[in-house]
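*Asks:* following is a predicted model, sequence given first.
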Amino acid sequence: MKQKTEEYVWVTFGNSDKTGSFNDSKSGGAVLLALGQKFDPVAKICRSNNFFLSSSIEEPWGEREPIETATLRHAVITISDEMFSGVIDGKTAFEYPLPQNYNGGYIGIGTNSSGIKISDIVLDGRSAEPSEGGGCYFSADLVFLHRQEMPANLFYLSHNGVYERTANGGDVWIRNVPLLFLRERRKAFSLEFDFSFNALSQESVGVGEKVRDPFGTFIFGPPPQEIFSNWDICGELSFAKKHERCFELGFSIFKKEKSLFVSLPKLGGVRISTEPPQSAEQAPVEETAIFEPKETLGIEESDELIGSDGTKIKLITDKRYWAFEIYNAENKLIHVFNRWNLMFADDRGVVKQFRILLPLDEKESVFGTGERFSEFNQRGKRIYFWNTDPCYHGRPLSGDCDLWRGYKNVPIVSSSRGYTMFVNTAANGKGDFGHSEPTQMEMEFDDDRLDFYFWTGTPIENLIKYTDLTGKQLLPPKWAFEYMAGGSNGFWYPGGQRFADIYVPKLEALLKGYAELGTPLAAVYCEGDVGVHAQAYRLAQQYNTRILTWQCADVSHQTAKELYPDSELRDLPF
């Protein structure tokens, strides 16, 4: 839920070390150049520009003409014996002498932010792709931190040769992520590639424009408590240990030891939690508010775990890079959970929140989250998992408000990529499904215990697993699936007058009209006084239908005293 102020593609060359930071390499003649755009909050426009860093060149962002963000651009970076230059869309963008101590080295290319796309990378006339065995070296951060080799699909989604950066790698520190590092050293070369930016604009960085329903306001009911805490990624792997029914990985967070337990519920999928699994009999949900499965499968001595539904979990237990790769029954990689996309927040030495980050594919849809008032597909939306009165009465679904409130929020999401994730908590939470970062889903909860189930398969298959865990819905009577009519207060009392001579004839006309059409009504929804009027029920009986109504459960102290005359006033509910 951060705001972006700049986007750029960067190229670095002359690096003496592929695992060291650029700040260390530039003293040895390495050069970092960036092609991008930066938002100017004063002028409120985006400026096209580039910057350079080396031992002899320190040029910050300049001020150049605005560019179209979605336009595909072609870049050619050329390094000769004494000069380096850049040509963008056929026009020379820069030309500089190389640092005097430049002696060649490793070449890298990457991005700083989600949504940026790179394609058709060509080095000296030959294609260069970030694929296994393709002559590339992928690493975590560029400028400040030392790096660790990791697969590119942690941070880049591939669509027909186009590599799109996602933000599933953690927080601010993970800005500059390489797409590839060439394995061989070069002194002179020509590098070509296409690139485009996503959506850096006044809106994406916030210029103070007010909306009718700003995110974070609660008109009715108490708002969730705001927690002010410090976020951090998980530390390096301390140990990996096999137990009878789970696999434990230890790491440090906020200078304290913590563990993640990976288990296989018999009902299917995988469970990841900071507490070891129990059975529903050992820890009933009525006492804990945590759903435990009836049974958890035993764990074999292996780095690959297979669930009852064919879900496969591959454990990677390198000290600096540990992760859980999750595959479906067809052996397709669905997602990678690692130390950078499972985060925790600390408040004065106590862990109080956790965050789960997942990438969003270009055409991915997200469903679920409980009762909503917006579209069925939650892609591009943000919500609170906090039950409250939405009070959207009369508000058009026009996009002028977030429609983030819900009466009945459920922390479960299903994705068109082929998975369902249920976060096993009753705590307040937030969901951001590509609203702030178009290529990232973020779910955050005010709970010290991280616990979630991850199921692969179709939504129907996964909902069966979910209800196997949480309980089956009682089947309503047959008539509940038949045709109904009616409306809210605005339908029954258009002028605000609540008199029997207005709504009783209206109900009778409605019932008579459907009868003349030959359309039987299973029920009529009668909100407000009409739903408690005896004449309404007598009319419904005549037409063989039912009355559905909604009533406040409010009880005044005076009414409560009348109902419970033998009770003291202070003991009565209000």
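*Replies:* Nice, thanks for sending it over.
*Asks:* and Y537, that one's in a helix?
*Replies:* Yes - counting by DSSP: H, G, I helix; E, B strand; the rest coil, Y537 is found in a helix.
*Asks:* use 637 as the first number for this chain going forward.
*Replies:* All right, first residue 637 from here; so that's Y1173.
*Asks:* neighbours of it, just the number please.
*Replies:* For Y1173, the neighbour count with other CB atoms under 10 Å is 14. Where C-beta positions appear, they are placed from N, C-alpha and C, glycine not excepted.
*Asks:* name the nearest residue to it, ignoring sequence neighbours.
*Replies:* I1183 (5.7 Å; CB to CB, 6 or more residues apart in numbering).
*Asks:* what about the one you found, how many neighbours?
*Replies:* Neighbours of I1183 using other CB under 10 Å come to 19.
*Asks:* can you pull out the helices in the stretch 1087-1210 of the chain?
*Replies:* In the stretch 1087-1210 of the chain, the helices defined using DSSP state H, counting those that start in this stretch lie at 1095-1106, 1125-1128, 1136-1153, 1170-1178, 1193-1199.
*Asks:* can you state the direction angle for the third one and helix 1170-1178?
*Replies:* For the pair helix 1136-1153 and helix 1170-1178, the angle between their directions (axes from the mean of the first three to the mean of the last three CA atoms, to 10 degrees) equals 10 degrees.
*Asks:* how about helix 1136-1153: buried residues?
*Replies:* Y1139, V1140, K1142, L1143, L1146, L1147, Y1150 (16 or more other CB atoms under 10 Å).
*Asks:* follow-up on the earlier one: kindly reformat the helices of the stretch 1087-1210 of the chain as a markdown table containing distance to R1041.
*Replies:* Listed next are these as a markdown table, based on distance: least, CB to CB, whole Å:
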| stretch | distance to R1041 |
| --- | --- |
| helix 1095-1106 | 23 |
| helix 1125-1128 | 20 |
| helix 1136-1153 | 30 |
| helix 1170-1178 | 31 |
| helix 1193-1199 | 29 |
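*Asks:* next, count neighbours for L941.
*Replies:* By other CB under 10 Å, 21 other residues sit near L941.
*Asks:* mind listing what it touches?
*Replies:* F883, V898, L900, V906, I935, K948, I949, L951 (CB atoms under 8 Å, 6 or more residues apart in numbering).
*Asks:* doesn't the fifth one fall inside a helix?
*Replies:* No - when classified by three-state DSSP, I935 is found to be coil rather than part of a helix.
*Asks:* state the pLDDT value of it.
*Replies:* Here the pLDDT value assigned to I935 is 90.
*Asks:* quick one, phi psi at it?
*Replies:* Backbone geometry at I935, expressed as degrees, to the nearest 10, gives phi -110, psi 130.
*Asks:* my guess is it contacts L900, does it?
*Replies:* Yes - using CB atoms under 8 Å, I935 makes contact with L900 at a distance of 7.3 Å.
*Asks:* so which of these two has more stuff around it?
*Replies:* Each of I935 and L900 has its neighbours counted (other CB under 10 Å); L900 has more, 25 against 16.
*Asks:* need the contact list for that one.
*Replies:* Contacts of L900 by CB under 8 Å, 6+ apart are V906, R907, T932, L933, I935, L941, I942, G943, S944, I949.
*Asks:* in TSV, list those along with secondary structure.
*Replies:* Output for the contacts of L900, formatted as TSV (three-state DSSP):
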residue	secondary structure
V906	strand
R907	strand
T932	strand
L933	coil
I935	coil
L941	strand
I942	strand
G943	coil
S944	coil
I949	strand
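*Asks:* so which of the helices of the stretch 1087-1210 of the chain is nearest N1060?
*Replies:* helix 1095-1106 (8.7 Å; CB to CB).
*Asks:* buried residues in that closest one?
*Replies:* In helix 1095-1106, counting by 16+ other CB under 10 Å, buried: P1095, E1097, N1098, L1099, I1100, K1101, Y1102, L1105.
*Asks:* the second one reaches D945, doesn't it?
*Replies:* Translated: E1097. Yes - between E1097 and D945 there is a contact under CB under 8 Å: 7.4 Å.
*Asks:* what is in contact with those two at once?
*Replies:* Shared contacts of E1097 and D945 (CB under 8 Å, 6+ apart): W1091.
*Asks:* need the buried residues of helix 1095-1106 in TSV (columns: pLDDT and distance to D1165).
*Replies:* Converted to TSV, the buried residues of helix 1095-1106 look like this (pLDDT from 0 to 100; distance: CB to CB, whole Å):
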residue	pLDDT	distance to D1165
P1095	93	41
E1097	95	46
N1098	96	43
L1099	95	39
I1100	96	42
K1101	97	45
Y1102	97	40
L1105	97	42
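*Asks:* just give me the closest of these to E998.
*Replies:* Of all those, E998 sits closest to P1095, with 19.9 Å by CB to CB.
*Asks:* hang on, the closest one packs against T1056?
*Replies:* Yes - with contact defined as CB under 8 Å, P1095 counts as touching T1056 (6.5 Å).
*Asks:* contacting residues for F883?
*Replies:* A876, K877, F897, V898, S899, I935, L941, L951.
*Asks:* who's the nearest residue to the fourth one once chain neighbours are set aside bridged to?
*Replies:* Closest residue to V898 apart from its sequence neighbours, by CB to CB, 6+ apart: F883 at 4.5 Å. Beta bridges link F883 to K878, V898 when assigned by DSSP bridges.
*Asks:* which pLDDT value belongs to F883?
*Replies:* Confidence at F883, expressed as pLDDT, is 95.
*Asks:* distance of it from L708?
*Replies:* Separation of F883 from L708 (CB to CB, to the nearest Å): 45 Å.
*Asks:* then W1186?
*Replies:* From W1186 over to L708 (counting by CB to CB), the distance is 53 Å.
*Asks:* what's the answer for D660, then?
*Replies:* 34 Å.
*Asks:* kindly report the same for F649.
*Replies:* In terms of CB to CB, F649 sits 24 Å off from L708.
*Asks:* who's more crowded, the two?
*Replies:* More crowded of F649 and L708, by other CB under 10 Å: F649, with 28 against 13.
*Asks:* looking at the sheet around that one, what are its partners?
*Replies:* V667.
*Asks:* which ones are touching it?
*Replies:* By CB under 8 Å, 6+ apart, the contact list for F649 reads A666, V667, I715, F720, G740, G741, Y742, I743, G744, R822, F825.
*Asks:* mind redoing it with 10 Å?
*Replies:* 661, 665-669, 713, 715, 720, 734, 738, 740-745, 818, 821-825, 827 (CB atoms under 10 Å, 6 or more residues apart in numbering).
*Asks:* L1184: how many residues sit nearby?
*Replies:* Using other CB under 10 Å as the criterion, the residues surrounding L1184 number 16.
*Asks:* one more: the one 10 residues further on?
*Replies:* One way to gauge burial is a neighbour count; for Q1194, by other CB under 10 Å, it gives 9.
*Asks:* please point out which parts of stretch 866-885 sit buried.
*Replies:* D868, I869, C870, G871, L873, A876, R881, C882, F883, L885.
*Asks:* now that stretch - C-alpha only, PDB.
*Replies:* These are the backbone C-alpha positions of stretch 866-885, laid out as PDB (Å, rounded to 0.1, in the frame of the first residue of the first chain):
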ATOM      1  CA  ASN A 866       7.800  -1.700  12.400                       C
ATOM      2  CA  TRP A 867       7.900  -4.200   9.500                       C
ATOM      3  CA  ASP A 868      10.700  -6.500   8.700                       C
ATOM      4  CA  ILE A 869      11.400  -9.500   6.500                       C
ATOM      5  CA  CYS A 870      12.400 -12.900   8.000                       C
ATOM      6  CA  GLY A 871      16.000 -13.500   8.800                       C
ATOM      7  CA  GLU A 872      18.400 -16.200   7.400                       C
ATOM      8  CA  LEU A 873      17.600 -19.900   8.100                       C
ATOM      9  CA  SER A 874      18.800 -21.000  11.500                       C
ATOM     10  CA  PHE A 875      17.800 -24.700  11.300                       C
ATOM     11  CA  ALA A 876      15.600 -27.100   9.400                       C
ATOM     12  CA  LYS A 877      14.000 -29.900  11.400                       C
ATOM     13  CA  LYS A 878      11.600 -32.800  10.500                       C
ATOM     14  CA  HIS A 879       8.900 -33.700  13.000                       C
ATOM     15  CA  GLU A 880       6.400 -36.500  12.800                       C
ATOM     16  CA  ARG A 881       3.600 -34.400  11.300                       C
ATOM     17  CA  CYS A 882       5.300 -31.200  10.200                       C
ATOM     18  CA  PHE A 883       8.500 -29.700   8.900                       C
ATOM     19  CA  GLU A 884      10.000 -26.800  11.000                       C
ATOM     20  CA  LEU A 885      12.200 -24.000   9.700                       C
END
